[in-house]
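Asks: Fold the following.
(one chain, ligands or ions: 1)
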Amino acid sequence: MIIENERTKAASGKTYEVRNPATGEVVDEVPFGDVADVDRAAQAAAKAFTTWSKLAPNKRAEILHKAARNMLAKVEEIAPILTREQGKTLLESRLEAQRFGENIAWFADLADKVHGEHVSLPDTTTYGLVVRRPIGVCGAIVPWNFPLTLAANKVAPAIAAGNTVVLKPASTTPLATLACIEALIEGGLPEGVVNVVLGPATGDAIVGHPLIRKIALTGSTPTGRKVMARAADALKKVTLELGGSDPCIVLDDADLEAAARAISIGRFFNCGQACLAVKRLYIQEAAYAPLMEKLVARASKLKPGNGLDKDSRMGPMHSETQRAEVEAQLKDAVDRGAKVVYGGGRPKGAEYEKGWFIEPTILENVPDGARMWTEEVFGPALPVRKIKDLDEGLRLANDSEFGLGSSIWTGNMAAAHRAVSELEAGYTWVNALQIAHDELPFGGTKQSAHAAHWWRVDRAGPRLHQGQLHDRRHALVLDRHRPGGSRAVTGRGCPCLQAASRLVSR
Ligand code: NAD
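Replies: Next comes the predicted model:
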């Protein structure tokens, strides 16, 4: 763990092993933290807050830029650490590590651009001013699928605005996170500004700690429910970014080559373990056969393998439990009559025996009610259904409790416009151009959506691809409920990034 810029053991002295999902080998042993360690980390962060929050914002920006440069110089060292603990390919790890440093730098630029508001009051001699100030100590709880990207999305805006952080990576992916924070510290991040605690018990302890005033969690929907309920005891602010089951509709007039490429990345990137992945595919009749052929051709090139091997195109799943879950969802579909069009099992060969490998899989004729339609499929398996027209596509796409993202491929502007208006998700990609409409701040489940509406002016344009990590920044969000209110936040394709911005200020 890291507390007050020092590597620290757990108060209990306990440790646990981190294993490589491709080989089962122990990669490292790390402290098994608990309530006592979270308390130390929170005290350290509270102490650091008294000075960090008072630094001039441009000075904070200068420190963060220097720290980010130091971290970015270590991307090649950090990427293999991430691959060993998470499983993803080296290319995917490099993108993530790079993104971590870039996020710190990007938010550093916002440190002196946090704006308040002027509010007119009925009496013309008085007026209200909304002044944005840092919240205090923030708790950042991160899942294992994108350990670095999601950590940076939380930590970067928080510290840029003068908050301090207690950060908890997923228990199975602590190592690259430690390496990134250490690199920031070496680059000049002051003591106690970011503290890292490890071990499964530390999440709940963070949510319950009285000094921690805001919680940002990315994780599964059931965990989000627990965290929200627990945080309610102390009326803490929470930002939850939870599960999704994003539909993708492809109409007959779509550019099928471009659609196949984006859908393949959107479903199989990171071995399918992404919140905003393409998780349900609806193809119109004439496009069905040619698009399926292209998707199968692409899937057949995704050679599973150890992420460190340069020939691997898809790493293993992160854990045995995750693989078992996806296999159970596949079995449920097949038992109900679905046809496996590609994959469907584990790859054969000695090199796959000790890891959690699974083939990229495409299924058709998956009946209504199958788990693949009703649950989040957090792995590289794609159910596909033929649709008659856009009406049917929209109806099926919206027949889900999830609402994180969605996409449509069409050459028809009127169809695209209808999809943007009628798809009940936080984001819709139209031919890979991303449009944010309703933000669902509590994790993308419709039940928990509330009335915040955001319109994004997207400067990155059609370079964005569903599920792909892309490299442009687009930043302007207009909040139409506050006349004149606009503020820069992060972008890049995930509601979690917008939501993370709320760490910035109160
Ligand atoms: P998870 O919910 O099991 O764990 C996420 C984090 O929460 C971990 O660090 C875990 O230790 C911690 N945690 C677990 N129980 C807790 C509790 N009671 N109190 C506090 N912390 C607790 O999720 P996971 O399996 O690690 O991640 C996969 C999930 O994350 C998927 O559902 C995926 O869709 C979702 N996700 C969402 C987004 C998004 O932006 N919406 C992004 C990435 C992943």
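Asks: and the closest residue to the ligand within the stretch 51-200 of the chain, how many neighbours?
Replies: Across the stretch 51-200 of the chain, the shortest distance to the ligand (C-beta to the nearest ligand atom) belongs to residue 143, at 3.1 Å. C-beta here means a position set from N, CA and C on the backbone, and glycine is covered the same way. By the criterion of other C-beta atoms under 10 Å, residue 143 has 22 neighbours.
Asks: ok, it - contacts?
Replies: 150, 170, 218-220 (C-beta atoms under 8 Å, 6 or more residues apart in numbering).
Asks: same deal with residue 377?
Replies: 245, 272, 279, 326, 329, 383.
Asks: secondary structure element for it?
Replies: For residue 377, there is no helix or strand it lies in under DSSP states H and E.
Asks: Got phi/psi on it?
Replies: Note on residue 377: its backbone torsions stand at phi -100, psi 110 [degrees, to the nearest 10].
Asks: switch to numbering from 70
Replies: That works, and once the first residue is 70, the last one we named lands at residue 446.
Asks: Which residues of the chain lie near the ligand?
Replies: Contacts of the chain with the ligand, taken as C-beta under 6 Å from any ligand atom, map to 210-215, 219, 237, 239-240, 269, 272-273, 276, 286-289, 292, 295-296, 310-313, 344, 445, 447, 473, 512-513, 563-565.
Asks: got a list of what the residue of the stretch 220-369 of the chain found nearest the ligand touches?
Replies: Nearest residue of the stretch 220-369 of the chain to the ligand: residue 272, at 2.3 Å (C-beta to the nearest ligand atom). Contact partners of residue 272, counting by C-beta under 8 Å, 6+ apart, are 210, 237, 286, 292, 296.
Asks: Next, the buried residues of stretch 317-335.
Replies: For stretch 317-335, the neighbour count (16 or more other C-beta atoms under 10 Å) marks 317-321, 323, 325, 328-335 as buried.
Asks: Now for these: which two are most distant?
Replies: Maximum pairwise distance among the buried residues of stretch 317-335 (C-beta to C-beta): 22.2 Å, between 321 and 334.
Asks: Wasn't residue 477 part of a helix?
Replies: No. Counting by DSSP: H, G, I helix; E, B strand; the rest coil, residue 477 is located in no helix; its state is strand.
Asks: Excluding chain neighbours, what is closest to it?
Replies: residue 488 (4.0 Å; C-beta to C-beta, 6 or more residues apart in numbering).
Asks: Surely the one you found is in contact with residue 481?
Replies: No. Contact criterion C-beta atoms under 8 Å: residue 488 and residue 481 do not qualify, at 10.0 Å.
Asks: quick one: which of the two has more around it?
Replies: residue 488 (27 against 15).
Asks: so where does the more buried one fall, helix or strand?
Replies: Counting by DSSP H and E, residue 488 is part of helix 482-491.
Asks: ok, residues contacting that helix?
Replies: 318, 320, 459, 463, 467, 475, 477, 479, 497, 499-500, 504, 506.
Asks: Please identify the helix or strand for the residue positioned nearest the centre of the chain.
Replies: A centroid search over the chain (C-alpha atoms, centre = their mean) returns residue 219, at 5.4 Å, as the residue closest to the centre. Assessed by DSSP H and E, residue 219 sits inside helix 216-229.
Asks: Alpha carbons only: can I get that helix in PDB?
Replies: Provided in PDB are the C-alpha atoms of helix 216-229 (Å, rounded to 0.1, in the frame of the first residue of the first chain):
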ATOM      1  CA  PRO A 216      -7.500  -0.600 -13.500                       C
ATOM      2  CA  LEU A 217      -5.400   2.400 -14.600                       C
ATOM      3  CA  THR A 218      -7.800   4.300 -16.800                       C
ATOM      4  CA  LEU A 219     -10.600   4.100 -14.200                       C
ATOM      5  CA  ALA A 220      -8.200   5.100 -11.400                       C
ATOM      6  CA  ALA A 221      -7.000   8.100 -13.300                       C
ATOM      7  CA  ASN A 222     -10.500   9.100 -14.200                       C
ATOM      8  CA  LYS A 223     -11.200   9.400 -10.500                       C
ATOM      9  CA  VAL A 224      -7.900  10.600  -9.000                       C
ATOM     10  CA  ALA A 225      -7.000  13.100 -11.700                       C
ATOM     11  CA  PRO A 226     -10.000  15.500 -11.400                       C
ATOM     12  CA  ALA A 227     -10.100  15.100  -7.700                       C
ATOM     13  CA  ILE A 228      -6.500  16.200  -7.000                       C
ATOM     14  CA  ALA A 229      -6.500  18.800  -9.700                       C
END
